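[1] sequence isn't available, so here's the structure alone:
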């Protein structure tokens, strides 16, 4: 069972630890906008705008897909007693109500919200109605981030607004809010600054240039003003209209042919002056702009340049350089996201004694993992030869370090772990029951019968003794 936040908020001096602090607080904050056209940070409209924008810029949409697919393609491992591992593996594989691909769909939605929404991602912890925090989780599901509001109340952190019906406040053991690069300001309720917000200004520029080039190719814009002399306005308009009609008849929907206009009087020269209304920036260089944009993408997503494009010049450099770049990339944005998800699932979903970990499908990372496991095995062999540890103890170390599967342990050892886990769960339930009884007795007895500073005077109906099981 996760730690009840009430035991921590009771000790805090911060306003955000008070349950009533955020109930009626506004959800919009006036700070500098990342991109001029975006709604203000902290508003629901901003997340809607972010969600509508990123699919319209092809390179940005490809970057989002690349990062989502990278996480969704990872396998996961559970370590612990075989009975619990089997149970919770089935629970995770059937995530998101088992719809579609289950786990794959679930983790894809969560990562997509983390990358594209300042509000972050939300996971519903499925428990029976009226269940207590100590009740085991029966499933997990993704919640639409745009339908969730952060309340700032640590005991009831999320307000969910369904398509139909009244909003519902979700308790700390019913919903799990996540965010990318969370704001340290109290008034932001843990809201983050997602990758799309970080790249927005550069992405808008690239998208506008792309739209300009397409309009220029399509010919369906007003690119300039034409001042003509030596020819009547009506005759010029008639020539242009006739040319457009001829091009449409010929099926030229993208490319516009030049318009040929002859002078009505051969003795009068035709003069014209063109004034452009739209154009690319002065000194614009396509190759340089795209290189800097990919660099911005890598910075915004916390990964390496080669994640989205080969290095400029087609030269990857030395093998050591490429390996170091990949290692640095794994330790930044993707690494932080994976660690956040591992903690969320391992701490809030799984019971004690069961660990969750993503398994890398990267060949380089796998080679490094095997090399480290080999070094640890040699170190254990040296300790056995020196008499420091026994082979049985070395096996326990190998299992604890993830170098050997739990099945290598003896059945007696596994049963002992399973028994300890069950005893811990039973003890937690007994403590929760005693706390409920104590609270009820406190409410029924007059205050004068409960003198301060004398805990022995509090009536109890049961004595809790620590387990003396030694295994």
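    Ah, there it is. Owing to the predicted nature of the structure, the values given are computational and were not obtained by experimental measurement.
[2] following whichever strand or helix holds residue 376, which helix or strand comes up?
    Under the criterion DSSP states H and E, the helix or strand holding residue 376 is helix 363-385. Later in the chain than helix 363-385, the nearest helix or strand by DSSP H and E is helix 391-400.
[3] what are the ranges of the helices in this protein?
    Along the chain, counting by DSSP state H, helices occupy 6-9, 44-53, 58-72, 82-93, 103-116, 195-218, 233-249, 286-301, 319-330, 333-348, 363-385, 391-400, 411-444.
[4] buried residues in the second one?
    I take that to be helix 44-53. Buried residues in helix 44-53, counting neighbours by 16 or more other CB atoms under 10 Å, are found at 44, 46-47, 49-51, 53. Backbone N, C-alpha and C define where each C-beta goes, glycine included.
[5] make TSV out of the residues you listed and add distance to residue 109.
    Shown next, in TSV, are these (distance: CB to CB, whole Å):
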residue	distance to residue 109
44	18
46	20
47	15
49	19
50	16
51	12
53	19
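[6] mind putting these in CSV, distance to residue 342 and pLDDT included?
    Shown next, in CSV, are the buried residues of helix 44-53 (distance: CB to CB, whole Å; pLDDT from 0 to 100):
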residue, distance to residue 342, pLDDT
44, 29, 91
46, 29, 94
47, 25, 94
49, 31, 93
50, 26, 94
51, 26, 94
53, 30, 93
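[7] tell me the one of those nearest residue 368?
    residue 50 (35.5 Å; CB to CB).
[8] how close does the closest one sit to residue 248?
    The gap separating residue 50 from residue 248 is 38 Å, by CB to CB, to the nearest Å.
[9] repeat for residue 437
    For residue 437 relative to residue 248 (CB to CB), the value is 84 Å.
[10] more crowded one of those two?
    The neighbour count for residue 437 versus residue 248, taken as other CB atoms under 10 Å, is higher for residue 437 (14 against 10).
[11] and the pLDDT at the more buried one?
    Looking at residue 437, its pLDDT reads 80.
[12] next: residue 396.
    85.
[13] count the neighbours of it for me.
    16.
[14] quick one: mean pLDDT for stretch 184-195?
    Rounded mean pLDDT across stretch 184-195 is 93.
[15] buried stuff in it?
    Buried-residue list, stretch 184-195, by 16+ other CB under 10 Å: 187-195.
[16] how about stretch 122-132?
    Per 16+ other CB under 10 Å, stretch 122-132 contains these buried residues: 122-127.
[17] make TSV out of the residues you listed and add pLDDT and distance to residue 376.
    Shown next, in TSV, are the buried residues of stretch 122-132 (pLDDT from 0 to 100; distance: CB to CB, whole Å):
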residue	pLDDT	distance to residue 376
122	96	38
123	95	34
124	94	39
125	93	35
126	92	38
127	91	39
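[18] domain ranges for this structure?
    1-218+285-360, 224-276, 411-457 (automatic domain parsing).
[19] and residue 202, how far is that from residue 91?
    Distance from residue 202 to residue 91, by CB to CB: 41 Å.
[20] next one: residue 66
    From residue 66 to residue 91 the distance is 29 Å (CB to CB).
[21] the two - which one has more neighbours?
    More crowded of residue 66 and residue 91, by other CB under 10 Å: residue 91, with 18 against 14.
[22] which ones are touching the more buried one?
    137-140, 349 (CB atoms under 8 Å, 6 or more residues apart in numbering).
[23] just these now: which is nearest residue 146?
    residue 140 (19.3 Å).
[24] pick out the shakiest of the helices of the chain, pLDDT-wise.
    helix 319-330 (a mean of 54).
[25] quick one on the thing from earlier: going by distance to residue 427, which of the contacts of residue 91 wins?
    Looking across the contacts of residue 91 and measuring by CB to CB, the closest to residue 427 is residue 137, at 19.3 Å.
[26] number of residues surrounding that closest one?
    Based on other CB under 10 Å, the number of other residues close to residue 137 is 18.
[27] what are the phi and psi angles of it?
    phi -70, psi 130 (degrees, to the nearest 10).
[28] is it true that it touches residue 127?
    Yes. Between residue 137 and residue 127 there is a contact at 6.3 Å, judged by CB atoms under 8 Å.
[29] one step back: right, and the helices of the chain - which one's nearest residue 163?
    Once these are compared by CB to CB, helix 44-53 is nearest, at 15.0 Å.
[30] now do that closest one: which elements does it pack against?
    Applying 3 or more CB pairs under 8 Å, 6 or more residues apart in numbering; DSSP states H and E, one finds that helix 44-53 contacts helix 195-218.
[31] again, 10 Å this time
    If you count contacts as 3 or more CB pairs under 10 Å, 6 or more residues apart in numbering; DSSP states H and E, helix 44-53 packs onto helix 103-116, helix 195-218.
[32] most neighbours per residue, which of those?
    Comparing the helices and strands packed on helix 44-53 by mean neighbour count (mean count of other CB atoms under 10 Å), helix 103-116 comes out on top with a mean of 22.
[33] quick one, that one and helix 286-301 angle?
    110 degrees (axes from the mean of the first three to the mean of the last three CA atoms, to 10 degrees).
[34] who's in contact with the nearest residue to residue 202 once chain neighbours are set aside?
    Spatially, and ignoring its direct neighbours in sequence, residue 202 is nearest to residue 296 (4.4 Å; CB to CB, 6 or more residues apart in numbering). By CB atoms under 10 Å, 6 or more residues apart in numbering, the contact list for residue 296 reads 198-199, 201-203, 205-206.
[35] any idea which of those residues is the one closest to residue 358?
    Nearest member of the contacts of residue 296 to residue 358, counting by CB to CB, is residue 198, at 23.8 Å.
[36] wait, that closest one sits on residue 298?
    No. Using CB atoms under 10 Å, residue 198 makes no contact with residue 298, being 11.2 Å away.
[37] residue 57 versus residue 285, what's the distance?
    Taken as CB to CB, the span from residue 285 to residue 57 is 19 Å.
[38] the more surrounded of those two?
    The neighbour count for residue 285 versus residue 57, taken as other CB under 10 Å, is higher for residue 57 (24 against 11).
[39] per-residue confidence at the more buried one?
    91.
[40] how close does the spatially closest residue to it that is not a sequence neighbour sit to residue 111?
    Leaving aside its sequence neighbours, residue 57 sits nearest to residue 207 (CB to CB, 6+ apart; 4.4 Å). Residue 207 sits 23 Å away from residue 111, taking CB to CB as the criterion.
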